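>>> I'll drop the sequence and a predicted model, then ask my questions.
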Amino acid sequence: MVAAIAVMENRAVATMDVPGAYLHAPGGEEVIFVRIDPECAGILVELQPETYKDYVSDDGSITVQLDHALYGCIQSGKLWLDKITSTLTEKGGFTVNQTDECVFNKIGINGNQLTLCLYVDDIFITGEQCDIEWFQQFMQQQFNGAKINHGPILSYLGMTFDYSNHGRAVLTMEKYTDDLLESWGGRGVAFTPATTNLFEVDENAVRLSTDMQQQFHTRVAKLLYLAKRVRPDILMPVAYLSTRVQVCTGDDWNKLERVMKYLNKDRNLGITLSAGDLSLEASVDASFGTHHDGKSHTGTVISLGQGPVYVKSAKQKLVTKSSSEAELVGVSDEFSQIIWCREFLIHQGYNMPATVVKQDNRSTMAMIDKGKHTSARTRHINIRHYFVKDRVDAGEIVFEHSPSAEMIADMLTKPLQGSTFVKLRRQLLNWQF
């Protein structure tokens, strides 16, 4: 969302990292001792004999008490967060976004917003160029060695953010994808990431060997990492395969190979965030009873301006009795994320209109509108799934009907083929094909 806002407001962008970040954080209330092995202890004694020689144990080691955070200690991450937060707020004048404590904001020199996204010691920065330069000087004064990289093309958390074309940001992971395909060593291409039999389970299929199971698990995990960041077009089959890692068979391996072949065909795709209105729009869809155990599958897309800022494809956790109930459960499950996105933007200082949620099931929309069951067939549905109505009545959410053919989230719930897949993929990625 911060990356999308940078496009809409034509902000400058940069990234920064703080080398040895944990070492800047003072130790907490808990006393922590570390044993330094004899080899390292010998080096310390050689460098500073008067400081260390009296503390050498019989085995040559030295035991020390930490006064700063150290890599490898479970407390260090929290100690560093406390340190960077206090530095930014108390010395830098930043405020914390209350819905995400790793996002910081400050009004800059010309009255415009400077925003930071913190991921451990990596910082994504958006704002006016003069404010970014001020922040660079501030951080280098506070943390010796802090390094900054200015846009328009930036690497952040393995992703490439390309702002070189005005009015859009292109997010890709080309090197990661190339390395993944290189390790695969396979050949061939596929025009879609899954065939129509994706959710079918062959009970007679032979289980993979232990070594093959490990390979399957590793490859699915790597694909999931890619899919959840810049390749949501493969998220649905990868989400399904992630449910099979403990029971994977030769049939599952073939389905995994299909995803890899599709990725091999279009390895350089990503998502595009384009300028547009500062309004959220969500699409939620569910495929009823598609899994072999009778459970349904939910797909969700949340966009800000033009382009996705959140995408999810997941198996539902309970069995439903109708497509309308499956859709209601899907909306209920994903509603918290939709509300969170809206609250995040409000805490960023934006006056947000009602979030539009698109649905293709009119019966589900009727149940939400009434806030209760509409017939004997829906009487059994748990009342907790109707809390959505409260948000609708409060004017925070408005539902709109979307024809199934136009429902972007449809490609996150079932293995579409042909022109339908291509059409919805273009809308999902906001990619210029």
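Noted; the coordinates are in hand. Numbering: from 1, shown residues only.
>>> can you give me the strands for the stretch 101-250 of the chain?
Here the stretch 101-250 of the chain has its strands, by DSSP state E, counting those that start in this stretch, at 113-119, 122-127, 147-150, 153-156, 159-162, 168-172.
>>> by contact count, what packs against the last one?
When you say that, I think you mean strand 168-172. helix 2-8, strand 159-162, strand 271-274 (3 or more Cβ pairs under 8 Å, 6 or more residues apart in numbering; DSSP states H and E). C-beta: built from backbone N, CA, C; applies to glycine.
>>> After the last one, which helix or strand is next?
To tie it back to what came earlier, the one meant is strand 271-274. strand 280-287 (DSSP states H and E).
>>> helices or strands up against that next one?
strand 297-304, helix 323-347, strand 355-359.
>>> Report the inter-axis angle for it versus strand 297-304.
Orientation check (axes from the mean of the first three to the mean of the last three Cα atoms, to 10 degrees): strand 280-287 against strand 297-304 gives 170 degrees.
>>> partners of strand 280-287, with directions?
strand 297-304 (antiparallel), strand 355-359 (parallel) (DSSP bridges).
>>> Figure out how far it is from the centre of its chain.
17 Å (Cα atoms, centre = their mean, to the nearest Å).
>>> which residues touch it?
Contact with strand 280-287 is made by 296-304, 316, 323, 326-327, 329-331, 334, 338, 341-342, 345, 352, 355-360, 402, 407-410, 412-414, as judged by Cβ atoms under 8 Å, 6 or more residues apart in numbering.
>>> which residues in the stretch 101-250 of the chain form helices?
129-142, 174-184, 210-227, 235-242, 250-265 (DSSP state H, counting those that start in this stretch).
>>> Quick one: list the elements packing against the longest one.
The helices and strands touching helix 210-227, judged by 3+ Cβ pairs under 8 Å, 6+ apart, are helix 174-184, helix 235-242, helix 250-265.
>>> among the helices and strands packed on strand 280-287, which is the most enclosed?
strand 297-304 (a mean of 26; mean count of other Cβ atoms under 10 Å).
>>> Format the CA atom coordinates belonging to that one as PDB.
C-alpha atoms of strand 297-304 as PDB (Å, rounded to 0.1, in the frame of the first residue of the first chain):
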ATOM      1  CA  HIS A 297     -11.700 -22.700  -1.600                       C
ATOM      2  CA  THR A 298     -11.600 -18.900  -1.100                       C
ATOM      3  CA  GLY A 299      -9.800 -16.300  -3.200                       C
ATOM      4  CA  THR A 300      -9.400 -12.700  -2.300                       C
ATOM      5  CA  VAL A 301      -7.900  -9.600  -4.100                       C
ATOM      6  CA  ILE A 302      -7.500  -6.200  -2.500                       C
ATOM      7  CA  SER A 303      -6.400  -3.400  -4.800                       C
ATOM      8  CA  LEU A 304      -5.500   0.300  -4.100                       C
END
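>>> got the angle between it and helix 323-347?
30 degrees.
>>> ok, then the element right after strand 297-304?
With DSSP H and E, the next secondary element past strand 297-304 is strand 308-315.
>>> quick one: contacts of that following strand?
1, 4, 228, 232, 235-236, 239-240, 243, 271, 273, 291, 295-303, 334, 337, 341, 412-413, 428-430.
>>> Pull the contacting residues for the nearest residue to Gly108 once chain neighbours are set aside.
For Gly108, the nearest residue in space outside its immediate sequence neighbours is Asp131; the separation is 3.5 Å by Cβ to Cβ, 6 or more residues apart in numbering. Asp131 makes contact with Lys106, Gly108, Ile109, Asn110, Asn112, Leu114 under the criterion Cβ under 8 Å, 6+ apart.
>>> so who does the fourth one touch?
In other words, Asn110. Glu128, Cys130, Asp131.
>>> Just give me the closest of those residues to Gly77.
When the contacts of Asn110 are compared for distance to Gly77 (Cβ to Cβ), Asp131 wins out at 27.8 Å.
>>> circling back to that earlier point, which of the contacts of Asp131 ranks first by neighbour count?
The most crowded member of the contacts of Asp131, judged by other Cβ atoms under 10 Å, is Leu114 (24 neighbours).
>>> What is the neighbour count of Gly395?
9.
>>> Right, I'll call it a day here.
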